[in-house]
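[1] sequence first, predicted model second:
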Amino acid sequence: MRTVVKVGGARAVDPAGALADVAQLVSEAGSGPEEVVLVHGGSTAVDDTLERLGMDPEYVETPSGVVGRFTDGETMEVFEMVMPGLLNTELVASLQSLGVDAVGLSGVDGKLLHGPRKSAVRVVEDGKRKIRRGDHSGSIEAVNADLLEGLLGDGYTPVVSPPMAGGDSDEDGNDVVTPVNTDADRAAATIAGALDAQLVLLTDVPGILADPEDRDSLIRTVETPADWERMAEAAEGFMGRKVMAIREALEGGAPEVVVADANLEEPIDTALEGDGTHVFPGAIESEGAGEGASASDSGDAGGEGNDGATSGAAEIDGGDSQ
């Protein structure tokens, strides 16, 4: 069995339990080892580094109510240092210390995560829709599954981090690749879809809550369009991105997505055994493409595939999500 696990980057998330679970899964005897791809965020570490450098992190809200990071040029430089540098290296070293043959990759390596850069995004400020330019984010349209298949087949455990390889053009109109921010939840979703793997999104809450203020209001199972509507309506702020990621994973071929608590002693094992919110393909089969917080809900005029650097503004896609 293949599993893609996304570990959040929020301050309240401790990855130690998830890393121990990964080590257990890939070395499991009896039923045989599982193949695991670990994807990580890093919002808190990026924000902390920006503040130490005297820069203010900036988050914006899209017209559909999703919150994401606005990544200007200076922020992108910090993002590249922290995410594939510091955080990815630390996670790889931790897994190797647990006996796992972990390999660190960014989405730029081998064009693992590739798609168009979005330099202009639609946002809502003071109740008004505006276009912000100078953003360094992108929409993933392709996953180099062969690269991951090769590593997994040789017994390695890939540890994947944004940025992605953003398709762009230079001043002479030549095609170039630019590292750009992309949401880690949605990166994990596209990888899970490409590998037909189950997806576990670990975060700092027990799952998706019917009432975000009540940790006991967990939505446990989402199997029908009606269940999906209830879940999508309950998702607020950064959780809206997870709903988008869930849809993308299921539409891509993932058999199941679980949103669960990262801070349990065995968070992955517990999630796979039934903890958290479990979402199945039947929840989206009868849904229209524009209903709820959908994957295509990324631009006011056309989908993500039409949102290149020169083709108008898109809703922001770079969240290095929690």
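    Good, I have the coordinates.

[2] residue ranges for the helices of this structure, please.
    Along the chain, the segments classed as helices by DSSP state H run 16-26, 43-52, 73-81, 88-97, 145-153, 184-195, 225-234, 239-252, 267-272.

[3] where does this protein have low pLDDT?
    Applying pLDDT under 70 to the chain flags residues 12, 29-32, 286-322.

[4] any idea which residue sits dead centre in it?
    For the chain, Asp185 is the residue whose C-alpha lies nearest the centre (Cα atoms, centre = their mean; 1.6 Å).

[5] list the contacts for the residue nearest to that residue when sequence neighbours are not counted?
    For Asp185, ignoring the flanking residues on the chain, the nearest one in space by Cβ to Cβ, 6 or more residues apart in numbering is Ala245 at 3.9 Å. Where C-beta positions appear, they are placed from N, C-alpha and C, glycine not excepted. Shown in contact with Ala245 (Cβ atoms under 8 Å, 6 or more residues apart in numbering): Asp183, Asp185, Arg186, Ala188, Ala189, Leu199, Leu201, Val257.

[6] how far away is the first one from Met76?
    If you measure Asp183 against Met76 using Cβ to Cβ, to the nearest Å, the figure is 15 Å.

[7] same deal with the last one?
    When distances are taken as Cβ to Cβ, Val257 and Met76 turn out to be 29 Å apart.

[8] tell me which of the two has more neighbours.
    Val257 (29 against 19; other Cβ atoms under 10 Å).

[9] the more buried one contacts Glu248, correct?
    No: the pair Val257 / Glu248 is not scored as a contact, 9.5 Å apart, by Cβ atoms under 8 Å.

[10] what sits in contact with each of these two?
    Contact criterion Cβ under 8 Å, 6+ apart; residues shared by Val257 and Glu248: Ala189.

[11] flag every buried residue along stretch 37-55.
    For stretch 37-55, a neighbour-count test (16 or more other Cβ atoms under 10 Å) marks 37-47, 49-50 as buried.

[12] what is the nearest of those residues to Ile208?
    Gly41 (17.1 Å; Cβ to Cβ).

[13] tell me how many other residues crowd the nearest residue to that closest one once chain neighbours are set aside.
    Leaving aside its sequence neighbours, Gly41 sits nearest to Gly9 (Cβ to Cβ, 6+ apart; 3.3 Å). Neighbourhood size, Gly9 [other Cβ under 10 Å]: 26.

[14] from Val82, how far off is Gly9?
    10 Å.

[15] now swap in Leu112 and tell me
    18 Å.

[16] for burial, what's the neighbour tally of the residue lying closest to Thr182 once chain neighbours are set aside?
    Nearest in space to Thr182, with sequence neighbours left out and distances taken as Cβ to Cβ, 6+ apart, is Met164 at 4.3 Å. Neighbourhood size, Met164 [other Cβ under 10 Å]: 34.

[17] try Pro162
    Pro162: 32 neighbours (other Cβ under 10 Å).

[18] can you map out the strands along the stretch 101-250 of the chain?
    Under the criterion DSSP state E, counting those that start in this stretch, the stretch 101-250 of the chain contains strands at 102-107, 113-125, 128-138, 142-143, 157-169, 175-180, 198-203, 221-222.

[19] show me what the second one is packed against.
    Right, strand 113-125. Counting contacts by 3 or more Cβ pairs under 8 Å, 6 or more residues apart in numbering; DSSP states H and E, strand 113-125 packs against strand 59-61, strand 128-138, strand 142-143, strand 157-169, strand 175-180, helix 184-195, strand 314-315.

[20] tabulate the CA atom coordinates of that strand in CSV.
    The C-alpha coordinates for strand 113-125 follow below in CSV (Å, rounded to 0.1, in the frame of the first residue of the first chain):
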residue,chain,number,x,y,z
LEU,A,113,5.9,19.6,-9.2
HIS,A,114,5.5,21.6,-12.3
GLY,A,115,3.0,24.2,-13.6
PRO,A,116,2.5,27.8,-14.6
ARG,A,117,3.6,30.7,-12.4
LYS,A,118,1.0,33.2,-11.3
SER,A,119,2.4,36.7,-11.0
ALA,A,120,-0.9,38.4,-10.5
VAL,A,121,-3.6,37.2,-8.1
ARG,A,122,-7.1,38.3,-7.1
VAL,A,123,-7.6,39.2,-3.5
VAL,A,124,-10.2,40.9,-1.3
GLU,A,125,-9.0,43.9,0.8
